[in-house]
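> 3D model of this:
(one chain, ligands or ions: 2)
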Amino acid sequence: MMREVTTHSAEETIAFGRTLAETLAPPKLVVLRGELGSGKTTLVKGIAEAFHAASEEDVTSPTFTLVHEYRSPRVNVYHIDLYRVDTQRELETLGLDDLIAENSVLLIEWGEKFPRFERERDVEIVLERVGESERRIRITGR
Ligand SMILES: Nc1ncnc2c1ncn2[C@@H]1O[C@H](COP(=O)(O)OP(=O)(O)OP(=O)(O)O)[C@@H](O)[C@H]1O
Ligand SMILES: [Mg+2]
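Ligands and ions are numbered 1, 2, ... in the order given. Down below sits the predicted model:
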């Protein structure tokens, strides 16, 4: 699977996230790649909303807490930010293994820092800033 779109506003990226969620039926481990401000968290807003797990305003960057959990009756969405996580030991304290389950969708920003997630991911989403408000979004599965 390989899809590519270019969005022209944050709202458009959120809307794309809603559509994309249809292809992310749990269980899924998704790695979100892209530089700071490329739109990873913005995309998660649309995905979490589509699963009825959170409204877009409720989805904020897990910068300090590192893991945000959004639950709905059928799907638990975990939004994880590993930007500040550098060692294997720090990673282990997050207990991500306990989150992986039949009804879980893990959306991991900066997951590519750890080979483990490169191996285990089901989907990779790469966001690229191509202009002030243009973002190229590429999705690859395996
Ligand atoms: N087309 C677009 N898609 C997504 N975000 C956009 C777009 N155009 C402008 N933006 C803005 O870019 C910023 C993206 O921020 P966001 O927090 O989603 O990035 P991020 O990739 O999660 O960064 P970080 O690595 O710091 O967590 C927001 O301020 C958003 O409003
Ligand atoms: Mg982010």
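> contact partners for residue 100?
Contact partners of residue 100, counting by C-beta atoms under 8 Å, 6 or more residues apart in numbering, are 27, 29, 106. C-beta here means a position set from N, CA and C on the backbone, and glycine is covered the same way.
> distance of it from residue 127?
Between residue 100 and residue 127 the distance is 24 Å, computed by C-beta to C-beta, to the nearest Å.
> likewise residue 121?
Applying C-beta to C-beta to residue 121 and residue 127 gives a distance of 15 Å.
> wait, isn't residue 96 in contact with residue 80?
Yes: under the contact definition of C-beta atoms under 8 Å, residue 96 touches residue 80, with a separation of 6.9 Å.
> mind checking which of the contacts of residue 100 are buried?
The neighbour count (16 or more other C-beta atoms under 10 Å) marks 29, 106 as buried among those.
> got JSON lines for the contacts of residue 100, with distance to ligand 1 too?
As requested, the contacts of residue 100 are exported to JSON lines (distance: C-beta to the nearest ligand atom, whole Å):
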{"residue": "27", "distance to ligand 1": "23"}
{"residue": "29", "distance to ligand 1": "18"}
{"residue": "106", "distance to ligand 1": "15"}
